[in-house]
Structures are given as structure tokens and as C-alpha cells.
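A.B. asks: Show me the folded form of this:
(chains A and B, ligands or ions: 1)
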Amino acid sequence: MTAKQHGTADTTTSMTTDDPIIEITNAAVTYDGGETYVLDHVSTSIERGEILGIVGESGSGKSMFADSMLDAIPDPGRLSGEILYHRDDGTTVDVLELSDDELREFRWEEVAMVFQGAMSSFNPTMKIGGHFKETLKAHDADVTSGMEFARELLSDLYLDPERVLDSYPHELSGGMQQRALIALSLILEPEVLVMDEPTAALDLLMQRSILTLLEDLQDKYDLTMVFITHDLPLVAELADRMAVMYAFQLIEVGNREQLIGNSGHPYTRALLNATPDIEAPLEDMRPIEGQSPAPINVPQGCSFAPRCPLATEECRVEDPAFTQLDSGHAVACHHPEDARDEIALHFERSEESAPVSGGDDS
Amino acid sequence: MSNYYVRRTLRVFATIFAVATLTFGLIRLLPGGPFTQLRAQLLRQGVPASEVDARIANLQNINPNAPLWQQYLDYMGAVARGNFGESISLGEPVARIIAEAVPWTVFVVLVSTILMFAVGIFLGSLQAYWEGSRFDKAFSGLSIALMSVPFYVVAVISLYVFSYQWGWLPTAGTVGASVEKELSIPFLLSALEHSILPIFSYTLGGIGGQALAMRGNSIQVLGNDYVRVARLRGLADRRIATRYVARNAILPMYTGFLLLLGFRLSGTVILEQIFSYTGLGYYMFAALKANDYPLMMATFLVITVALIVGVYIADLTYSKIDPRISAGGSDEAY
Ligand code: SF4
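C.D. replies: Down below sits the predicted model:
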């Protein structure tokens, strides 16, 4: 275990960005006092104003990653490490050192969050407007001007403000609730919006339209967004940079083109090949064989080794540290070049922005 | 929507009408039923045969010689006007007896049911907040124990201990014999003193069930995302406890409260017997023993109507109180 932690900690430098708004170092979450980790010493940083997409299967620790940015791990989990938040004015706070009152202010005023399942994020016996008002009051904000802003946000999201504010949650459709929840998360004008599977329960059409709306919002309000999902193609449309999580760790980070077109990790490449794409012939779609490990049996060495076609003895013994492939593109694998060579990507992204890769890179 | 309310209201009247008809049928039609017995009873009491019919007419608002439909109309008309005839055993108009008895019963049932819910909800929510603590486990056990003890056992034991053994509280009645029946401090104090034991024994056993229900509801609500989101939004703990947890946990118990209120009226038959507490249940039992049919039917009718009205109010108001339920159960009405 120590080797593993050490390896991951080393990678901090390889993933810094120019003007980070959040820097996470060795964030780890345990529910059993350190026996096992459901977020295993993750380090990364988030650039001011970017959209970072985090991709992972369910049970990969991606929700823990999201929660840790607000120090909001569900009880009785314990979060350790360091999470630095850099304000606009140049000051820096350590989120994990905040007092209860400071944390209460920090959340929603600086970093807000949208959970999956908007349906269950509203109090069923309170009107939507009540949620906005009580949030403003709880943060000693001016309610009149705050509600003005709420109406503006709702209009930005193509909702009829008066109708929505005066409705109970169950009177709105799933898509409307989700958009109302996004408006609620922005009511105190936070700098960062963390979204954990915000579109999971919605149909495809609604997912698309919410993505477009999120892009507009990001433009208009200068938001930094962290978008967490299991749906790789979905986030690929939106994100500037992407990161992939596997077995409670980050395994690859890069900008969108690097990660999609020229990924260096066998898991990422398998994920890309397992992804339904309208243009890919069905027989080329390959599910990834095997299962991702549970926290209690994360294997020694590389956690993907049991499922990895390229695994060598080295992989099974030593946990791979992050190595820099190109500028801003880092991968935690011993054999990234082999991965590019031997695991061909089945689909040719039609997007011009994504360079096509077949593995002729070596 | 309004259509539903109209239909629902009409149904209440239809049900009450049916119950009244049933009481008529019981008296008049059952072979060897009350009506026949009444006649035999009057004869046995030495009432001359020639007067028996007149007496029956007076007692039941029915003229036994009139055609059946005539009797029925007379009876229903009298009931509608609140005239239940005259009590055989007490020789008083039934309506007056009931008017005197009802307030006591309503008082005991209302206060004990409210207490039962209030204490149960309080304990249950504490248990939910401290789920798994020693307090929680102890009270869950206690709740189950309380639920399994019938109220009349509590009543008899507490009557024996507090009234007969220690003499702290009166053994019978609604107010002291020497107290004037008027709205005064001594009257209220005496009424309170007499009601303590009935209310206590009628409350204690019910607390357990309500506490367990509240505990379960609260734990379920506490696990909801919206509570977590509310915390992240920085709401004060007190607001979350009341507006989020308590409200959503108590709402499902509201209908149960109104139904229990009606249901527990009938339980007073035993309760008031034990404490000789002259309420509705006491008279119902007395009427039963004395074959006092007019009184029996009237108490039966009053208790049934109370039940029907309880269900009616629950139906009509639940959609007002819980926005998730739309009246009539027809979702997406628009
Ligand atoms: S380190 Fe080895 S086992 Fe792990 S992903 Fe890379 S090649 Fe596969």
C-alpha cells in the first residue's frame, strides 16, 4: 500500500495547471479507518474557467472525488489529504481546515454541487421558490435581488420562472427539475460547479439540451465546471480536459483531444472501444472483460492488471506512477506506447478537432 | 376537482343515511330482535297491553301500527331532527343524555390521541436522530412492550394503584359530586382530576406504535438526497429538522391520526366502563346491559357518524396538507 500511495503522490507535479482554482493533493477517503480506500490518494488540479470531465464506471470512486471538493463525504467516511481553493483575489483556503461555519459559507458560495437525480434533491413538500429563498436567507444574501437573479437563471435555462418557482417538485418533469436544480446551485454565484452524473436519469434529447445550456451558462457566468459521469462520449462533447478514474484512482489525464484521440492507457482505450458510437459497426464494440475491483481487493501493483491484455510482471508488482506523454497529458501505466500500438481504436471520430489515432505513434 | 369534493360530500350523507336505515332495520325488522323484545319487556314491566303500542311509539318515534314505509319515514325524520326517542332505562330523552355524554368522551379521546401522537413523534424523531444508540435501542424495546399491553390493563392497574391504594385520584365519575356543573375553576380542576387516569391509560399504550412509526419515517427521510442537499446549501440544522425531516415524516401519519380519532371513540366503551366515566361509551354499555334500545342505537349512530366524518375530513384535507397528493388520487389532473 505504501508504495502505491507514494507513487500517486509523486504525480502532483505532472498535472499542475497554469492558474488552478482547486488543487487536490493526496485526497483519500476511507470508511474503515484506513484499511481500504474508496478514493485512493488522488491528486490533480482544476484550471480556472475550464470544464473538466471525469469519467469512471459506477464504483470507481468518482462520486467520492466530487464530494471531496466540498468536504461533503457522507458519514462515516473520513477524508484526508489537502484540498486548496484559490480565490479570485489571490487568497487561498485549505478546504479541509475550514471551521463548520466557514465550510457552510464555502459551500454554495464558492463551490456548488448538482447531484444525480434531481427528483430527489428537492424537498417534496416545499415549492421550488422556497428552496431558493431559504438558500439566500441561510447565506444572509439579499432575498429580493437574489430572487431576481433566480428568475434570470431560470430564464437562462429556458424555464418559465414564475411557473417553476410556484410549483412543487413533483409538478415538474425530470428535465425541468434538473434545470431548476442547476439554477439553484448557481443562486449564490459560485465560482465552481461540481456535477455528479447530472443527466443520468434523463432521455438522450434532454441530455443534449442540458449540455448546451451548461456551455452557455459557463460562458455567461465564467464558471469552472467539473462534470462527473460514466458516459464518455457525453462529457467528450463538453469538456476542455478529461480525466479517467479506475479503481478509486485517476489513471489518465489530458485535454480532450489527447485523451480521446491518442489515449495512452489500456483502460481508457478499452472504454473508448466499449462506447457505443453511431458510426461504429456493432461487431466492433467490445465490452471490457472482467470487473473493476471492490475496495477490499484492489490488487497489488497496477489495479487494472487482472483485466489488462498488456499486463506484464512489472505491472503486477509495481503500481505505475504517472508519466508525462505530451504536455498536459499524463498516464499511469507502464506501457503507454504498447497500448497505443496494440489496442486499436475502432471508431474514427468524425469531429475534426480530435486527431485520429490508430497507434502509429511509436 | 370540485366535482370530487361534491361527490365525496354526497357519499358522507349517503353513508350516514344508510347507517340510520340500518338502525331502523335492526329495531323493527330483525325477527326476535329488539322491537319484539321491547314489547315483551314492556309487558313484563306491567304496562297494560293497550298502552304498549303507544309507549313504543313514544320511545322509538315509531307507530307500530302504521305501514312500514310510514314507520321508516317517521323514524328517519325524527333522527334527522336529532330526536332519538326516549331512553327506557333512564326515562330521559336520548338526545339530552347524548348531548351531556359526548363532550366528556370527545375530551378524553381528543386529548389522549393528541398526547399519544405528540409524545410518540417526539420520541420517534429523537430515536431516528440517534439511530443505533443505546437510547434508541432501549426505547424501541419499550415501544414494542407498550404496544403489546392493552389499554384496559393499564386502566385497571392504574385505577387500583393510584385511586384505590394511594387515593391520589378519584375512582369514578367525570367531576366531583359536590361540584356545580358550571364553567368555573373548581369545576375545571375537578374535571381534570377525574380525566387524568382515563387519558393516561388511553395514551400510554398508543405511544409505542406512534414512536416506532415516526422513527421509521424519519430514518427514511434522513436518508433522502434532499436532506443532504439542504445541508450542503448551508441551511440551519433547526430548519432541516423541522421543515425537512419532521414535516415529511409526520405527513404520512396525519390520515392515521384522524382515523384513530374516530376509531378510538368506540374503544371508550371499555375505558369509560372501567372508570365509570359517564361518556358516550359508558352509556352505550349501560344501554346494552339494560336492553335500552333507543339509547343503544343512538350511541351507535353517533360513534359511526364520528368515524365517517373523521375519514371524510382526512380525505378532504390530506391533499391540502401534502402537496404530493392531489385530491381524488387522480394525478396530473391538468
Ligand atoms: S500498468 Fe500494465 S497492467 Fe496496468 S494498465 Fe498499464 S499495461 Fe496494463
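
A.B. asks: immediately after the top helix by length along chain B, which helix or strand?
C.D. replies: Secondary structure assigned by DSSP state H gives helix B:185-222 as the longest helix of chain B. Sequence order places helix B:225-232 as the next helix or strand after helix B:185-222, per DSSP states H and E.

A.B. asks: helices or strands next to that next one in the packing?
C.D. replies: In terms of contacts (3 or more C-beta pairs under 8 Å, 6 or more residues apart in numbering or on different chains; DSSP states H and E), helix B:225-232 is not packed against any helix or strand. Using the backbone N, CA and C atoms, a C-beta is placed for each residue, glycine as well.

A.B. asks: Name the residues that touch the helix or strand following that helix?
C.D. replies: Sequence order places helix B:237-239 as the next helix or strand after helix B:225-232, per DSSP H and E. Residues outside helix B:237-239 that contact it (C-beta atoms under 8 Å, 6 or more residues apart in numbering or on different chains) are A:134, A:138, B:230.

A.B. asks: Scan those residues and report the most crowded one.
C.D. replies: residue B:230 (26 neighbours; other C-beta atoms under 10 Å in any protein chain shown).

A.B. asks: picking up where we left off before, out of the contacts of helix B:237-239, which is nearest to the ligand?
C.D. replies: Nearest to the ligand among the contacts of helix B:237-239: residue B:230, at 41.3 Å, using C-beta to the nearest ligand atom.

A.B. asks: Looks like the closest one contacts residue A:126 (just checking).
C.D. replies: No. Residue B:230 lies out of contact with residue A:126 (C-beta atoms under 8 Å); the separation is 9.7 Å.

A.B. asks: Residue B:302 touches residue B:99, doesn't it?
C.D. replies: No. Using C-beta under 8 Å as the test, residue B:302 is too far from residue B:99 to be in contact (10.1 Å).

A.B. asks: The two - which one has more neighbours?
C.D. replies: Comparing residue B:302 with residue B:99 by other C-beta under 10 Å, the one with more neighbours is residue B:302, at 19 against 11.

A.B. asks: hmm, the helix or strand hosting the more buried one touching chain A?
C.D. replies: Applying DSSP H and E as the criterion places residue B:302 in helix B:293-321. No. No part of helix B:293-321 sits near chain A under the criterion C-beta under 8 Å from any C-beta of the partner chain; the closest distance found is 8.8 Å.

A.B. asks: So which residues of the stretch 51-200 of chain B form helices?
C.D. replies: Listed in chain order, the helices of the stretch 51-200 of chain B (DSSP state H, counting those that start in this stretch) span B:68-80, B:94-129, B:134-147, B:151-158, B:185-222.

A.B. asks: Identify whichever of these lies nearest to chain A.
C.D. replies: With C-beta to the nearest C-beta as the criterion, chain A lies closest to helix B:185-222 of the helices of the stretch 51-200 of chain B, at 9.7 Å.

A.B. asks: I'd like to know how many residues surround residue B:218.
C.D. replies: By the measure other C-beta under 10 Å, the count of residues near residue B:218 is 24.

A.B. asks: wait, isn't it in contact with residue B:126?
C.D. replies: No. The criterion here is C-beta under 8 Å, and residue B:218 misses it with residue B:126 at 9.2 Å.

A.B. asks: What parts of chain B come near chain A?
C.D. replies: Selection of chain B residues close to chain A by C-beta under 8 Å from any C-beta yields B:224-226, B:228-230, B:232-236, B:239, B:243-244, B:247-248, B:251, B:322-324.
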